[in-house]
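Colleague: What would the 3D arrangement of this be:
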Amino acid sequence: MAISEQLLKEVSLNLLKLASMYLPDEVVEALKKARDNETEPIAIKQLDAILINIGLSKDKKVAICQDTGLPLFFINLGTGVRLDGDPIRAFWDAAKIATKEVPLRQNCIHPITFKNLGTNTGWGIPAVHWEIVPESDYMDITAATKGFGSEIHTATAWVLTSEDIRKAAMRAVLDVVEDTMGEACPPVIVSLGIGGTSDVSTYNAKKGLFRVPFGADHPDPMIAEMEREMLQAVNKTSLGPMGFGGNNYALALNIEIAGTHTSIVPITVTFQCWADRYASARIYNDGRVEYISHPDALAYFK
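Modeller: Residues are numbered from 1 along each chain as shown. Here you go, the predicted structure:
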């Protein structure tokens with residue numbers, strides 16, 4: 001058997017709808033925990049408003065934020081997977097339908113002429129990122145709707161290998177956070193790509209924003225320790241929710257690494273706003289579908 005283009009389109013459409021309207025439970029729980037641990041009155045009010053917003057969007061089945069971003073797909077493709085049809089067409093068709101049915105704001109434009117097809121497709125969007133998984137017979141799909149209030153503060157530093165890279169990464173994170181303040185709609189998810197070339201570093205930073213499950217540690221204990229140290233340092237800035245002050249500027253901080261050059265290490269820092277809009281599913285060759293980030297997905301669409 002093979003995964004059909006039609007099934008891929010249906011699952012991708014569901015994922016875009018879920019990502020836009022219904023945050024994963026782990027993200028909601030992290031926001032509730034931040035609210036319970038907050039001490040600043042204005043920060044508590046901001047988090048209360050966010051939690052009300054989440055409940056309304058889920059109940060009314062509308063987009064969580066007016067900036068529904070640009071659609072992205074991260075694919076882990078098993079080497080044993082068989083595909084019947086054009087997967088890229090399936091992803092693009094899903095974005096077109098989601099634009100009408102959610103609806104998604106028609107954000108995708110030509111970068112020079114500003115032409116807008118009104119479908120959130122065109123000129124390489126939706127962006128589809130592929131990774132191959134050896135000896136696997138399933139396909140993992142993570143769909144995200146990436147807003148640009150957080151996107152615009154992505155930054156890359158280049159650090160000589162003669163320096164202490166852990167200290168340099170900490171400086172990079174704190175410098176970018178101080179520059180960003182409340183513009184990325186905190187509490188945010190912070191992600192770093194460390195190593196590789198400039199494009200690899202940036203890709204890894206973006207991928208880290210949508211780690212599944214939310215809040216999971218990096219499998220390398222040293223990297224996981226760096227994540228905890230940096231998250232603590234970011235929250236000690238006391239910038240807080242929406243930059244108005246408080247103890248919770250970031251809900252999570254994730255790091256992804258890649259091998260790099262002997263002379264210099266790129267460190268890319270990027271953000272996702274509190275609305276960590278992603279949804280993930282696994283499709284098997286026999287047509288079975290598991291919604292990993294939203295186990296009750298099918299009930300939501302009834």
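
Colleague: Where does the record place the domain boundaries for this protein?
Modeller: 3-21+64-147+278-300, 149-272 (automatic domain parsing).

Colleague: mind listing the helices for the stretch 201-302 of the chain?
Modeller: 221-235, 297-300 (DSSP state H, counting those that start in this stretch).

Colleague: returning to that earlier point: now render the domains of the chain as TSV, adding distance to L31 and mean pLDDT.
Modeller: Where C-beta positions appear, they are placed from N, C-alpha and C, glycine not excepted. Listed next are the domains of the chain as TSV, based on distance: least, C-beta to C-beta, whole Å; pLDDT from 0 to 100:
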stretch	distance to L31	mean pLDDT
domain 3-21+64-147+278-300	12	96
domain 149-272	7	97
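
Colleague: Go through those domains and name the closest to E38.
Modeller: Nearest to E38, of all these, is domain 149-272, at 5.5 Å by C-beta to C-beta.

Colleague: Phi, psi for the closest residue to H153 other than its chain neighbours please.
Modeller: Excluding its sequence neighbours, the residue lying closest to H153 (C-beta to C-beta, 6 or more residues apart in numbering) is T180, at 4.3 Å. Here is the backbone geometry of T180 (degrees, to the nearest 10): phi -80, psi -40.

Colleague: next one: K61
Modeller: phi 60, psi 60.

Colleague: what about it, neighbour count?
Modeller: 14 (other C-beta atoms under 10 Å).

Colleague: doesn't E101 make contact with it?
Modeller: No - in terms of C-beta atoms under 8 Å, K61 does not count as a neighbour of E101; the distance is 9.9 Å.

Colleague: Please report how far Q46 lies from K33.
Modeller: 15 Å (C-beta to C-beta, to the nearest Å).

Colleague: from memory F244 sits against I44, does it?
Modeller: No - checked against C-beta under 8 Å, the pair F244 and I44 is beyond contact range at 10.6 Å.

Colleague: helix/strand/coil for L23?
Modeller: coil (DSSP: H, G, I helix; E, B strand; the rest coil).

Colleague: hmm, I was thinking of V176
Modeller: Classified using three-state DSSP, V176 is helix.

Colleague: Could you do S136 as well?
Modeller: coil.

Colleague: More neighbours: Q46 and K33, which one.
Modeller: Remark: of Q46 and K33, Q46 carries more neighbours, 27 against 13, as counted by other C-beta under 10 Å.

Colleague: Secondary structure element for that one, which one?
Modeller: Secondary structure from DSSP states H and E places Q46 in helix 41-60.

Colleague: Report the buried residues of the helix or strand where A19 lies.
Modeller: A19 is part of helix 5-21 when elements are defined by DSSP H and E. Across helix 5-21, burial judged by 16 or more other C-beta atoms under 10 Å covers 5, 7-21.
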